[in-house]
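> from the sequence below, what's the structure:
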Amino acid sequence: MPGILAVMEQRQGVLRKVSLEVLAAARKLADGLGQPVDAILLAAGPVDGAAGLGAAGANRVLTATQDSFGLYDPDGYVATLASIGGGYSAIVLAATATGKDLAPRVAARLGQAAATDVTELGVDGGKITATRPVYAGKALQRVTLGGAPAIVSIRPNTFAAGKNDGAGAADPITIEVPAFTRRVTVEGIKAPAQATLDVAEASIIVSGGRGLKEPANFKLIEELAAAFGPAAVGASRAVVDAGWREHSAQVGQTGKTVSPSLYVAVGISGAIQHLAGMRTSKVIVAINKDKDAPIFKVADYGIVGDLFEIVPRLTDEIKKLKAE
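Model (predicted):
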């Protein structure tokens, strides 16, 4: 029986959070098609977190072990996935830096189309459908993938990690890594100097926009984030384009999609591109002097006023609560 292959991501032997989202997306397709899910781990050795993949939706866990797989090995990854991928109905990856490079390579090797940066998946008449933003998020494109395997990469933080009810440990299977020619060698992964916490991984995010007036005032955002601790500092596209913050901090359609437990938007009006990147946050707090700002339409709590007065007071109050 065909199935769905979910490509897990690990870094330094630790399963990444986005892998559970990939597994949830694969499980959705599998349930619609009446097929099982295989999760595949490409790693240099044991992966911390792999034991929970059965409970998260996998029927089997495939492991391909190679020394070079400790870091991303594009040639080895493609060769391994292509060697087994032809027997599946779909291959699901994350639209991360790794997945954005890997998905088109796998699609080209297997001669199939790829739907990338997908935000919704479904099954219609036995065929896989995918919805993805186009034109910088101004429209949504729905495509039907008729070939097999369908190659799909999902946008991080758009599929909630799920559970495979009644499932225990998934069957472990070791697969052989085929011979391949390595043309690219990844020697290391270096995070941006200012990136203490990735906005895509954070449970609390404090973001700033043009209402801060100048980059020096981002210290207000940093101090508020530090008061919450640990929290990530995000930014709107406008301030990133202006050079105030690094691109890795950008939240929105052309930045990173986030879904934290708490999202605080300071001086951000709420353009549609920004809203598309954070509207699935569990609790949204907006601080803006314009009572008609679009951000208030999605906010759970809104404060209309001068951020230069509100944010320092809010920071002080949070510090007091944390000290109790």
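
> where does pLDDT dip in the stretch 51-200 of the chain?
Counting by pLDDT under 70, the stretch 51-200 of the chain contains low-confidence ranges at 136-137, 163-169, 191-196.

> tell me the pLDDT at the residue lying closest to Leu314 once chain neighbours are set aside?
Leaving aside its sequence neighbours, Leu314 sits nearest to Leu224 (Cβ to Cβ, 6 or more residues apart in numbering; 6.4 Å). Any C-beta I mention is one placed from the backbone N, CA and C, and that applies to glycine too. The model reports Leu224 with a pLDDT of 95.

> which strands and helices sit next to the helix or strand harbouring Leu224?
Per DSSP states H and E: Leu224 is located in helix 218-228. Packed against helix 218-228 by the contact rule (3 or more Cβ pairs under 8 Å, 6 or more residues apart in numbering; DSSP states H and E) you find strand 204-208, strand 232-235, strand 262-266, helix 307-323.

> looking at it, the residue nearest to Leu314 is touching Val264, isn't it?
Yes: using Cβ atoms under 8 Å, Leu224 is in contact with Val264, at 7.0 Å.

> where do the contact lists of these two overlap?
Listed as contacting both Leu224 and Val264 by Cβ atoms under 8 Å, 6 or more residues apart in numbering are Val206.

> more crowded one of the two?
Summary of the neighbour comparison: Leu224 and Val264, criterion other Cβ atoms under 10 Å, with Val264 having more neighbours (28 against 22).

> what secondary structure does Lys186 sit in?
Careful, residue 186 is Val and not Lys. Three-state assignment for Val186 (DSSP: H, G, I helix; E, B strand; the rest coil): coil.

> correct me if wrong: it contacts Asp73.
Yes: with contacts counted by Cβ under 8 Å, Val186 reaches Asp73, the gap being 6.6 Å.

> neighbour count winner among the two?
The neighbour comparison of Val186 against Asp73 (other Cβ under 10 Å) goes to Asp73, with 22 against 12.

> could you pull out the helices for the stretch 151-300 of the chain?
With DSSP state H, counting those that start in this stretch applied, the stretch 151-300 of the chain shows helices at 218-228, 237-241, 272-278, listed in chain order.

> hmm, back to that, and the residue nearest to Leu314, how far from Gly267?
When Cβ to Cβ, to the nearest Å is applied, the distance between Leu224 and Gly267 equals 12 Å.

> before we move on, what about Phe228?
Distance of Phe228 to Gly267, given as Cβ to Cβ: 17 Å.

> looking at those two, which is more packed in?
More crowded of Phe228 and Gly267, by other Cβ under 10 Å: Gly267, with 26 against 20.

> state the pLDDT value of the nearest residue to the more buried one once chain neighbours are set aside.
With Cβ to Cβ, 6+ apart as the criterion, Gly267 has its nearest non-adjacent residue at 2.2 Å, and that residue is Gly211. At Gly211 the predicted local confidence, pLDDT, stands at 95.

> any idea how far Gly211 lies from Ile84?
As it turns out, when the distance is counted by Cβ to Cβ, Gly211 lies 51 Å from Ile84.

> which of these two has more residues huddled nearby?
Gly211 (22 against 18).

> gap between the residue lying closest to Lys282 once chain neighbours are set aside and Val199?
Counting by Cβ to Cβ, 6+ apart, Ser261 is the residue found nearest to Lys282 once chain neighbours are left out, at 4.8 Å. Here Ser261 is placed at a distance of 13 Å from Val199 (Cβ to Cβ).

> which of those two has more neighbours?
Taking neighbours as other Cβ under 10 Å, Ser261 and Val199 compare with Val199 leading, 27 against 11.

> the more buried one and Ala232 touch, don't they?
Yes: in this structure, Val199 is within contact of Ala232 by Cβ under 8 Å, at 4.5 Å.

> quick one, phi/psi of Gln12?
Dihedral angles phi and psi of Gln12 (degrees, to the nearest 10) take the values phi 50, psi 40.
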